[in-house]
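# fold the following.
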Amino acid sequence: MRLIILAGLIVCAYAAPQRTVLPRLPISVILNGKYQLIPENKIVGGTEVTPNSLPFMISLQRKFLNTFTHSCGGTILSESTILTAAHCLDEVDPSLFRVIAGAHNLSVESDMEQIGRLDNYTMHPDFNPITLENDIALIYLTPRTILNISDTVQPIGLPPPTVDLDPPAGLMVTVAGWGTTSSGGDISDVLLSIDIPVVSDVDCNSAYAGDYNTNPVKDSMMCAGGAPGGIDACQGDSGGPLFTSDAGSFTQHGIVSWGRGCALADYPGVYTQVSYFLDWINTEMMP
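Residues are numbered from 1 along each chain as shown. Prediction:
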């Protein structure tokens, strides 16, 4: 039944007169009927950041033929370890990826960029591609391509454990990435960011719940965005950070994971909540 529904959605996407795309949603939420084929002219609001002002950002790029193309975002945890979403890597050969740190405009090379090659990666052992629970992964760079920490390439800070700090509803947070500026559109050449409010799990669940899955937003997820719409993370932003800043110090609270289309009112973006995975991160990080 799942395959029939998904096949039908794909047929509709190709048959529609206007270019449309499948939403970035867990299958369990699509089966709730909470999907929508989104026209590509649904613009996602964002502002270009000051070049290299977010030195923890990386572009995870995948090789197609002889060209590397931006695939997902991620953040630097150390000179050899990158944090991203598991669904960005799910069972793909690590040799097909590279990491670009210190970048701002992906179409223009600069002497501040550093290229890291993947030695390997590990996804959370309980990652569920159906529900997108535990959507978190660590990338390990090869010893010959570990990053040189500098003014433009720096690790991001991690939050306190959830028992000490659970980001409250209404807290303003920032999401950044090179993802598409419309659902199904083209990626941005330059790094963009938006400020959005945290949404409570209760309100987020009420948006996505249905008969098939009455609790799609788990305790290990957090939500941000929603009404009135018009600003959101989108395809290509997956794996990137939801963070706060204080006097030039950055703390990552979430990892871009899933959502209904992009920037739709009343449908917040859903993020992996980093504070739930601190023990796993600390255990699996390269020294």
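# below-threshold pLDDT in the stretch 101-250 of the chain: ranges please.
Scanning the stretch 101-250 of the chain with the threshold set as pLDDT under 70 gives 179-187, 226-236.
# for it, which segments are assigned as strands?
114-123, 137-141, 172-177, 192-199, 221-224, 241-246, 249-258 (DSSP state E, counting those that start in this stretch).
# turn these into a markdown table, including distance to Asp166 and mean neighbour count.
From N, CA and C alone the C-beta is placed, and that goes for glycine too. Formatted as a markdown table, the strands of the stretch 101-250 of the chain follow (distance: least, C-beta to C-beta, whole Å; neighbours: other C-beta atoms under 10 Å):
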| stretch | distance to Asp166 | mean neighbour count |
| --- | --- | --- |
| strand 114-123 | 24 | 18 |
| strand 137-141 | 23 | 24 |
| strand 172-177 | 13 | 22 |
| strand 192-199 | 10 | 20 |
| strand 221-224 | 8 | 28 |
| strand 241-246 | 13 | 20 |
| strand 249-258 | 10 | 23 |
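# export those to JSON lines and append columns for distance to Ile100.
Output for the strands of the stretch 101-250 of the chain, formatted as JSON lines (distance: least, C-beta to C-beta, whole Å):
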{"stretch": "strand 114-123", "distance to Ile100": "6"}
{"stretch": "strand 137-141", "distance to Ile100": "12"}
{"stretch": "strand 172-177", "distance to Ile100": "13"}
{"stretch": "strand 192-199", "distance to Ile100": "16"}
{"stretch": "strand 221-224", "distance to Ile100": "26"}
{"stretch": "strand 241-246", "distance to Ile100": "16"}
{"stretch": "strand 249-258", "distance to Ile100": "17"}
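# of all those, which one is nearest Phe56?
strand 249-258 (6.1 Å; C-beta to C-beta).
# packing partners of that closest one?
strand 81-84, strand 172-177, strand 221-224, strand 241-246, strand 269-273 (3 or more C-beta pairs under 8 Å, 6 or more residues apart in numbering; DSSP states H and E).
# would JSON lines of the ones you listed with distance to Met123 be doable?
Listed next are the helices and strands packed on strand 249-258 as JSON lines, based on distance: least, C-beta to C-beta, whole Å:
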{"stretch": "strand 81-84", "distance to Met123": "10"}
{"stretch": "strand 172-177", "distance to Met123": "20"}
{"stretch": "strand 221-224", "distance to Met123": "16"}
{"stretch": "strand 241-246", "distance to Met123": "18"}
{"stretch": "strand 269-273", "distance to Met123": "12"}
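# out of the ones you listed, nearest to Thr145?
strand 81-84 (11.6 Å).
# give me the contacts around that closest one.
58, 60, 72-77, 99, 116, 136-141, 156, 239-241, 252, 255, 274, 281, 285-286 (C-beta atoms under 8 Å, 6 or more residues apart in numbering).
# go with 7 Å
With contact meaning C-beta atoms under 7 Å, 6 or more residues apart in numbering, strand 81-84 is reached by 58, 60, 72, 74-77, 99, 137-140, 239, 255, 285-286.
# on that earlier part again, so for Asp126, which of the helices and strands packed on strand 249-258 sits nearest?
strand 269-273 (12.0 Å).
# this protein: helices as residue ranges?
Remark: helices assigned in the chain by DSSP state H are 2-15, 27-30, 201-208, 278-284.
# mind listing what's buried in stretch 126-145?
Using 16 or more other C-beta atoms under 10 Å as the test for burial, stretch 126-145 gives Phe127, Thr131, Leu132, Glu133, Asn134, Asp135, Ile136, Ala137, Leu138, Ile139, Tyr140, Leu141.
# count the neighbours of Leu54 for me.
Other residues lying near Leu54 total 23 when counted by other C-beta atoms under 10 Å.
# look up phi and psi at it.
phi -120, psi 80 (degrees, to the nearest 10).
# grab the nearest non-local neighbour of it.
Ala176 (5.7 Å; C-beta to C-beta, 6 or more residues apart in numbering).
# got the contact list for that neighbour?
Neighbours of Ala176 in contact, by C-beta under 7 Å, 6+ apart: Val49, Leu54, Met57, Leu191, Leu192, Ser193, Gly240, Pro241.
# right, I'll call it a day here.
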